[in-house]
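> show me the folded form of this:
(one chain, ligands or ions: 1)
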Amino acid sequence: MVSARNAATAPWPMPAARPAAPAAKPAARPGTITVQVIEVIPAAANAVTLRLAEPGTTRAPAPYHPGQFITLGFSMGGETLYRSYSLCGDGKTDKPWEITIKRQPGGRISNYLNDTAKPGMLLSVSAPQGNFTLPADPASAPGGLVFVAGGSGITPIYGMLRALASLPASRRPHVTLHYAYRSHAEAIYARQLVALNPQRTWLTQYHYASSAGQRIHPEHIAMSAGPHAARAHWYVCGPEGLRRAIVAEAERAGVPAQFTHVEAFASPSLRTAVGKGTAARIRLADTGRTLDARPGESLLETLERYGYRPEFSCRAGACGTCALRKLSGKTRGDEGGPLTGRERSSGYVLACVAQPAGDVTLASAGGKGAHAPIAARERHASARTALRVALVAATATVFINVWGMTSHNVSASGSSSSSNSSSSSSSSGSFGSSSSSSSSGNGGFYSSPSFNQPSTGTGMS
Ligand code: FES
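Numbering: from 1, shown residues only. I've put the predicted structure just below:
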């Protein structure tokens, strides 16, 4: 279950003395923000960190909570592409935002930013969104905090760990981190994680390199959290298989659903390049119109290609804003995510990541007045249209400027899906290539009986 706390309205951390009286109220409103790249830092062998500030300053462009994400829009090859990235800073507004972008095989935006991002570049982004954030008072969690990250799923978690590191010891719970990655060279923030608490007084880390045959073993997560694991807040971000395994383990351990926090970005490994021809037909019941879906296209992409403007926000399967009601047929690619079981059983699918698996019928193409599930609507009620309009506008304004400032080689660098989703919480499918990988979509990050000892920095420096 996605965190129930509304991170967009509650400040973090809550003041110690008067927890009911927030010291500062974030003013972030959904919409578009122009930000400037002020620094580009290598984050791993295949990833860079961009520091983003209000143009002309080194300040954060807007308040945010550690663990939230932003969505970037790009005009490329005649289409507008969107990518969501987690903010990995500690939430302080006197410092710039940070996002880390891991290269995805064939990824147009991830490779473009890794190759060409440089100080001075302007980007247009959404306001910070998302509820994958810390409890208002972390010290109140009786069982502490348990984090599980796969690949670039570490990015929102790193932001939360940084925020925890900045708290006085008396306000910090005990924290356990399980972090799986392909190889030490590709481990994002390896050194920074070690530096967070080298004495391991409040943070115990377990690292797993799949190239060395190490995997997260879900049964051991609860064991590592100690006797109060059932009363801990559990956070998981990574490939879908890993998320499912950890959520199931949390349920087995007796963790209340409201203490289980899942970042549900779609995995790029599950997306395929958009091809030519017709893969399926999408019928709109309200008008009777039939649309041809191309291979690899999400429902949202097909609708937009036909000129419809369904509402969306993250375009990464995380927020639920794009939910549309399916009346018949099958879709794939939006398993997990923020929709409740009831919404799913009512036919709702996440149009931004769901692809038709055969012909489908939708109640409508969405947009104003569409009958989306109430819960999904409430999640980002004010974000949906604003972001679409703002980012489409950015296509004609800010990104034209960016385009003029930077190399255009990217348009020839990849042919992947135009909505190859966020790298902020997903990992390359290549993680799963190990023979010990046991579950589609798990990234090869878990299920081995191996269970590392708390890391002392081995392989991380
Ligand atoms: S737009 Fe957020 S889940 Fe689809």
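> quick one: mean pLDDT over stretch 205-215.
Taken as a whole, stretch 205-215 has an average pLDDT of 95.
> show me where the protein has helices.
108-116, 154-165, 190-196, 219-225, 240-252, 299-305, 341-345, 374-379, 384-396, 398-405 (DSSP state H).
> which neighbouring elements make contact with the third one?
Other helices and strands packing on helix 190-196, by 3 or more Cβ pairs under 8 Å, 6 or more residues apart in numbering; DSSP states H and E, are helix 154-165, strand 203-209. Every C-beta, even on glycine, is put in place using the N, C-alpha and C of the backbone.
> before we move on, what about the second one?
Secondary-structure packing of helix 154-165 (3+ Cβ pairs under 8 Å, 6+ apart): strand 79-86, strand 97-102, strand 145-150, strand 175-181, helix 190-196, strand 203-209, strand 233-237.
> okay if I get those as a markdown table plus distance to the ligand?
Shown next, in a markdown table, are the helices and strands packed on helix 154-165 (distance: least, Cβ to the nearest ligand atom, whole Å):
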| stretch | distance to the ligand |
| --- | --- |
| strand 79-86 | 8 |
| strand 97-102 | 17 |
| strand 145-150 | 20 |
| strand 175-181 | 25 |
| helix 190-196 | 29 |
| strand 203-209 | 29 |
| strand 233-237 | 15 |
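> roughly how far apart are residue 312 and residue 304?
9 Å (Cβ to Cβ, to the nearest Å).
> also residue 335?
Using Cβ to Cβ, one obtains 22 Å as the distance from residue 335 to residue 304.
> more crowded one of those two?
Between residue 335 and residue 304, counted using other Cβ atoms under 10 Å, the more crowded position is residue 304 (22 against 19).
> nearest residue to that one other than its sequence neighbours?
In space, and not counting its chain neighbours, residue 304 is closest to residue 310: 7.4 Å by Cβ to Cβ, 6 or more residues apart in numbering.
> can you read off the pLDDT for the residue nearest to residue 364 when sequence neighbours are not counted?
Distances taken as Cβ to Cβ, 6+ apart put residue 286 closest to residue 364, at 4.4 Å, once the chain neighbours are dropped. According to the model's per-residue confidence, residue 286 sits at a pLDDT of 94.
> got the residues of the stretch 351-461 of the chain near the ligand?
Remark: the part of the stretch 351-461 of the chain in contact with the ligand comprises residue 352, using Cβ under 6 Å from any ligand atom.
> how about the contacts made by residue 69?
Residue 69 is in contact with 84-87, 128-130, 132, 156, 265, 314, 316, 318, 422, 424, counting by Cβ atoms under 8 Å, 6 or more residues apart in numbering.
> closest one to residue 232 out of these, please.
Top of the list for closeness to residue 232, among the contacts of residue 69 and by Cβ to Cβ, is residue 132 at 15.9 Å.
> surely the closest one is in contact with residue 159?
No: contact criterion Cβ atoms under 8 Å: residue 132 and residue 159 do not qualify, at 9.8 Å.
> overlap of the contact sets of those two?
Shared between the contact lists of residue 132 and residue 159 (criterion: Cβ under 8 Å, 6+ apart) are residues 67, 86.
> please name the nearest non-neighbouring residue to residue 36.
Counting by Cβ to Cβ, 6+ apart, residue 55 is the residue found nearest to residue 36 once chain neighbours are left out, at 4.2 Å.
> apologies, that question was intended for residue 173.
Once its chain neighbours are removed from consideration, residue 173 has its nearest residue in residue 144; the separation is 4.3 Å (Cβ to Cβ, 6+ apart).
> before we move on, what about residue 40?
Distance criterion Cβ to Cβ, 6+ apart; nearest residue to residue 40, sequence neighbours excluded, is residue 117 at 5.2 Å.
> number of nearby residues for that neighbour?
When neighbours are counted by other Cβ under 10 Å, residue 117 registers 20.
> and residue 118, by the same measure?
Neighbouring residues of residue 118 were enumerated by other Cβ under 10 Å; the total is 12.
> quick one: the strands in the stretch 1-150 of the chain, in order.
Assigned strands in the stretch 1-150 of the chain, in chain order: 32-44, 47-53, 69-76, 79-86, 97-102, 122-126, 145-150 (criterion: DSSP state E, counting those that start in this stretch).
> packing partners of the last one?
Using 3+ Cβ pairs under 8 Å, 6+ apart, the elements in contact with strand 145-150 are helix 154-165, strand 175-181, helix 219-225, strand 233-237, helix 240-252.
> among the ones you listed, which comes closest to residue 296?
Residue 296 sits nearest to helix 240-252 of all these, at 17.7 Å, using Cβ to Cβ.
> how far is the closest one from where the chain is centred?
Averaged C-alpha coordinates place helix 240-252 at 17 Å from its chain's average position (Cα atoms, centre = their mean, to the nearest Å).
> what do you get for stretch 212-225?
Distance, centroid of stretch 212-225 to centroid of chain: 22 Å (Cα atoms, centre = their mean).
> and what of stretch 147-160?
Stretch 147-160 sits 10 Å away from the centroid of its parent chain (Cα atoms, centre = their mean).
> quote the end-to-end distance of that stretch.
According to Cα to Cα, to the nearest Å, stretch 147-160 extends 10 Å from its N-terminal end residue to its C-terminal end residue.
> quick check: mean pLDDT across that stretch?
Over the span of stretch 147-160, the pLDDT mean works out to 96.
> run a quick neighbour tally on the closest residue to the ligand within the stretch 151-300 of the chain.
Taking Cβ to the nearest ligand atom as the measure, the stretch 151-300 of the chain has residue 300 as its residue closest to the ligand, at 7.0 Å. The number of residues packed near residue 300 is 24, by other Cβ under 10 Å.
> again, but for residue 238
The burial count assigned to residue 238 is 35, neighbours taken as other Cβ under 10 Å.
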